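Engineer: Show me how the following folds:
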Amino acid sequence: MKITNKHLNIALHEAQKTNVRRGKIACLILSTSGKVITKAHNLSVFGDCKRFTIHAEQAAIAKALKINAANRYGKLTALVVRYKPSTRTASMAKPCEVCQSLLSMAEIDAYYTDKKGLIRKL
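Structural biologist: Coordinates of the predicted model:
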């Protein structure tokens, strides 16, 4: 699976939709042909004086599971991107340990943007 600039631009656009101030992160789930299967961004949820953040990876994996993407599309790949508003570019978006575990359990290969905005394999 080759990650393209088109994928990066889709992810950067998705990351800008978040209501999380510091974590403008998006995750795309891609098929082996490069088709975007699901996309999601970090989401802050409020309730009973508490705030919870749903990570983009968690939301994208949940969407992929809901539509049975692995059986429909075969091997899946994730692209995790952080949008940096001050420069309008990609920056470090390495998934946290929990999200890394979820991606591994779902058998999804993962790529992320590093601090220079370059795409790295997890």
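Engineer: C-alpha only now, for contacts and for neighbours.
Structural biologist: Will do.
Engineer: by contact count, what packs against the lengthiest strand in the chain?
Structural biologist: Assignment by DSSP state E gives strand 76-84 as the longest strand of the chain. Secondary-structure packing of strand 76-84 (3 or more CA pairs under 8 Å, 6 or more residues apart in numbering; DSSP states H and E): helix 5-15, strand 25-30, strand 89-91, strand 108-113.
Engineer: mind listing what's buried in the shortest one?
Structural biologist: In this case it means strand 89-91. Neighbour counts over strand 89-91 (16 or more other CA atoms under 10 Å) mark Ala90, Ser91 as buried.
Engineer: For that strand, which helices and strands make contact with it?
Structural biologist: strand 76-84.
Engineer: Show me what the strand it packs on is in contact with.
Structural biologist: 1, 3, 8, 11-12, 15-16, 23-32, 56-57, 69-70, 89-95, 107-113 (CA atoms under 8 Å, 6 or more residues apart in numbering).
Engineer: among the residues you listed, which ones are buried?
Structural biologist: 8, 11-12, 15-16, 23-31, 56-57, 69, 90-95, 108-113.
Engineer: center of the chain - which residue?
Structural biologist: Cys27 (1.3 Å; CA atoms, centre = their mean).
Engineer: ends of stretch 50-58, how far apart?
Structural biologist: 19 Å (CA to CA, to the nearest Å).
Engineer: what is the rounded mean pLDDT of it?
Structural biologist: Per-region confidence: stretch 50-58 scores 89 on mean pLDDT.
Engineer: contact partners of that stretch?
Structural biologist: Against stretch 50-58 from outside (CA under 8 Å, 6+ apart): 25-27, 40-46, 80, 95, 99, 102-103.
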